[in-house]
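A.B. asks: Provide a 3D model corresponding to the input given below.
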Amino acid sequence: MVSIMKGLATQLHNQKAAGSDYLVGRRLSACDIHWAALSLFVSPLEPERCLMPDFMRENYTHLTPELAAGLDPILLEHRDRVYQRHVNLPLDF
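C.D. replies: Prediction:
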């Protein structure tokens with residue numbers, strides 16, 4: 001998982017340098033949606049934007065040191081942007 005996150009972060013940094021907010025090209029793709037959904041298992045959205053039982057939130061907020069090291073801030077910025085622009089919030093599990 002860490003190598004995937006590092007690869008995605010590198011891609012996002014390259015895309016940002018090229019003037020894009022997305023993983024591929026200049027508009028939303030399945031790649032963006034897949035990362036945004038997967039990222040919730042690494043770092044969930046805030047409770048007011050993503051409703052879930054407390055026990056689930058607690059499980060998803062305990063990152064291993066390896067995952068924490070691979071979690072470049074650009075990954076969560078991208079996730080937040082995708083949810084803000086393209087998904088109705090709040091989410092309800």
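A.B. asks: quick one: the worst-scoring helix or strand of the chain on mean pLDDT to chain centroid distance?
C.D. replies: Lowest on mean pLDDT, DSSP states H and E among the helices and strands of the chain sits strand 91-92, with a mean of 78. Taking CA atoms, centre = their mean, to the nearest Å, one finds the center of strand 91-92 at 16 Å from the center of the full chain.
A.B. asks: what does that strand contact?
C.D. replies: Identification of contacts with strand 91-92 by CB atoms under 8 Å, 6 or more residues apart in numbering yields 45, 49, 50, 51, 83. For the C-beta atoms, the positions are set from N, CA and C on the backbone; glycine is no exception.
A.B. asks: which ones among those are found in helices?
C.D. replies: residue 83 (DSSP state H).
A.B. asks: selecting buried members of the contacts of strand 91-92 in PyMOL, what would you type?
C.D. replies: This is how PyMOL selects the buried members of those, with burial counted by 16 or more other CB atoms under 10 Å:
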select buried, resi 45+50+83
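A.B. asks: hey, where'd the helices end up in the protein?
C.D. replies: All helices of the chain, identified by DSSP H, fall at 2-17, 30-39, 54-60, 65-70, 73-86.
A.B. asks: reformat these into CSV and put distance to residue 92 and mean pLDDT next to each item.
C.D. replies: Below are those laid out as CSV (distance: least, CB to CB, whole Å; pLDDT from 0 to 100):
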stretch, distance to residue 92, mean pLDDT
helix 2-17, 26, 96
helix 30-39, 15, 95
helix 54-60, 12, 88
helix 65-70, 25, 89
helix 73-86, 13, 96
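A.B. asks: cool, thanks, talk later.
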